[in-house]
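[1] need a structure here:
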Amino acid sequence: MNDDLSAPEAAAILGISVATLYSYVSRGLLTAVGPAGARGKRYPREPVLRLAARKADGKRGGHLAEASMHWGVPVLETCISRIDEGRLYYRGHEVVVLAAEASLEDVACLLWNHARHDYFGDTSPALPTGPFDSLRAVTGAIGPLERAMAWLPVLGHGLATPTHDVDAILRQGPVLMRLLAGALLGTTLSSLPLHQQIGRAWDATPAECDLIRAALVILAEHELNASTFTVRCAASTGASLAATLGAGLAALSGPKHGGSIQSVKAMLDTALAAPSPAQVVAGHFPADGSAPNGYTHPLYPDGDPRASFLLERLSPLSSTVPEASAIIALGIDEGARRGMSPNLDLALSAMQLVFGWPDAAPLILFALARSAGWIAHAAEQIAEDALIRPRARYVGRF
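    Numbers count the residues shown, from 1 in each chain. Below you'll find the predicted structure:
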């Protein structure tokens, strides 16, 4: 399908006249396609969208910041996801619509290559399962995220050759995601759909498995958060995809990122066992009125639609566990009383509480799902073929 734009279409996106569009071409800011001297030339859509984004960024002072760099970029451009007016989109597809039926594998292919190729359909686990038992003996009873960080470089050793072939990188993706699933869950390598692998490991019912599927889709990508930026930095150096995913896992493990969910889980667990659960929930909110972990998100001032989606689908399933359901309702109501809506941390912790999944379940879901987005960003950065190296502003003593 030809996705090129006509001159009037390109000019409209850029907010300029067609005459100015032609001047952009003459100045090398855009490239037109078509026979030399022909009328009605076309303009590739993605370069036009990139230039439009740069123009918008310039209004916020982004060009000034970019011009001050000697190399690298302080603002990274991406075609993978966007957050606009409180909604999250994967390559133009709203995530809560995708979550209704899509699998993590479907969404990975969308994020990686506009779903033009089924990377999982023609890829089966290519590595032996034997190393799993040996690695268990060496690493012992460490947490799933730490286990994945330790195992992934070993399990992915056969894939460790750095490459600038983006398609070759993407073809490694399914194997690495399956290896990551085995490392996080402590199970052997499998080609089952990833939500089914999790469901089997946790003895989940079909209804739970479907909610796991939806959660994985919702968690797959979220623009340039700390772990994704770390992944792009690693990929920009030419590191292997296995090493790049390990960098993302390391960033995710911090208490200000993926690790923040532990305090939400602790609050719900404590409230469930307390004689006065309302007091425990209220105590989770700081006295200064700031939002605690589990509530609000700066990118969703009107409420996190991802959390709303999961909590809405959890509600009928939680009715069979009235104690847990009551605690979750307390948490939501207390937040609402303070003008704070739940975010993904609360939604994932609520799911774990209702179903009795392992303590690390929310972080396992997060890490496995986000690997799809990390691979997309690694591939996009490799295609840019540029080292991420912003400059520092020195503020010390002269």
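
[2] I'd assumed Leu216 was in contact with Arg370.
    No. Using C-beta atoms under 8 Å, Arg370 is not in contact with Leu216; the gap is 9.4 Å. All C-beta atoms are positioned from the backbone trio N, CA, C, and that covers glycine.

[3] pull up the overlap in contacts between the two.
    Shared contacts of Arg370 and Leu216 (C-beta atoms under 8 Å, 6 or more residues apart in numbering): none.

[4] got a list of what the closest residue to Ile80 other than its chain neighbours touches?
    Nearest residue to Ile80 in three dimensions, chain neighbours excluded: Ala376, at 5.0 Å (C-beta to C-beta, 6 or more residues apart in numbering). Listed by C-beta under 8 Å, 6+ apart, the contact set of Ala376 reads 80, 108, 111-112, 221.

[5] give me the below-cutoff pLDDT ranges for the stretch 1-150 of the chain.
    1-2, 27, 35-39, 56-75, 122-133, 139-140 (pLDDT under 70).

[6] what comes up buried for stretch 166-175?
    166, 169-175 (16 or more other C-beta atoms under 10 Å).

[7] I misspoke; the intended subject was stretch 181-196.
    For stretch 181-196, by 16+ other C-beta under 10 Å, it's 181-186, 189-190, 193-195.

[8] what do you get for stretch 14-34?
    For stretch 14-34, burial by neighbour count (16+ other C-beta under 10 Å) applies to 14, 16, 21-22, 24, 30, 32.

[9] so where's the stretch 251-398 of the chain shaky on pLDDT?
    Residue ranges of the stretch 251-398 of the chain with pLDDT under 70: 395.

[10] check Ile198 and give its pLDDT.
    pLDDT recorded at Ile198 is 98.

[11] hmm, it is touching Leu368, no?
    Yes. Shown here, Ile198 and Leu368 form a contact pair, counting by C-beta under 8 Å, at 7.5 Å.

[12] okay, and the common contacts of those two?
    Joint contacts of Ile198 and Leu368 (C-beta under 8 Å, 6+ apart) are 181, 216.

[13] tally of neighbours for Ala137?
    8 (other C-beta atoms under 10 Å).

[14] could you dump the buried residues of stretch 181-196 to JSON lines with pLDDT, secondary structure and distance to Arg116?
    Shown next, in JSON lines, are the buried residues of stretch 181-196 (pLDDT from 0 to 100; DSSP: H, G, I helix; E, B strand; the rest coil; distance: C-beta to C-beta, whole Å):
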{"residue": "Ala181", "pLDDT": "94", "secondary structure": "helix", "distance to Arg116": "24"}
{"residue": "Gly182", "pLDDT": "90", "secondary structure": "helix", "distance to Arg116": "28"}
{"residue": "Ala183", "pLDDT": "90", "secondary structure": "helix", "distance to Arg116": "29"}
{"residue": "Leu184", "pLDDT": "94", "secondary structure": "helix", "distance to Arg116": "28"}
{"residue": "Leu185", "pLDDT": "92", "secondary structure": "helix", "distance to Arg116": "30"}
{"residue": "Gly186", "pLDDT": "86", "secondary structure": "coil", "distance to Arg116": "34"}
{"residue": "Leu189", "pLDDT": "83", "secondary structure": "coil", "distance to Arg116": "27"}
{"residue": "Ser190", "pLDDT": "87", "secondary structure": "coil", "distance to Arg116": "26"}
{"residue": "Pro193", "pLDDT": "96", "secondary structure": "coil", "distance to Arg116": "20"}
{"residue": "Leu194", "pLDDT": "97", "secondary structure": "helix", "distance to Arg116": "21"}
{"residue": "His195", "pLDDT": "98", "secondary structure": "helix", "distance to Arg116": "23"}
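
[15] for Trp202, grab phi and psi.
    phi -100, psi 10 (degrees, to the nearest 10).

[16] check what pLDDT it gets.
    You'll see Trp202 listed with a pLDDT of 97.

[17] OK, contacts around it?
    Neighbouring residues of Trp202 by C-beta under 8 Å, 6+ apart: 208, 355, 357-358, 361.

[18] top of these by neighbour count?
    Ala361 (24 neighbours).

[19] contact partners for the residue lying closest to that one once chain neighbours are set aside?
    For Ala361, ignoring the flanking residues on the chain, the nearest one in space by C-beta to C-beta, 6+ apart is Gln352 at 4.7 Å. For Gln352, the contacting residues are 265, 358-359, 361-362, by C-beta under 8 Å, 6+ apart.

[20] leaving out the residues flanking it, which one is nearest to Lys265?
    Ser349 (4.5 Å).

[21] my read is the one you found is in a helix, agree?
    Yes. Assessed with DSSP: H, G, I helix; E, B strand; the rest coil, Ser349 lies in a helix.

[22] surely it and Ala360 touch.
    No. At 11.6 Å, Ser349 does not count as touching Ala360 under the criterion of C-beta under 8 Å.
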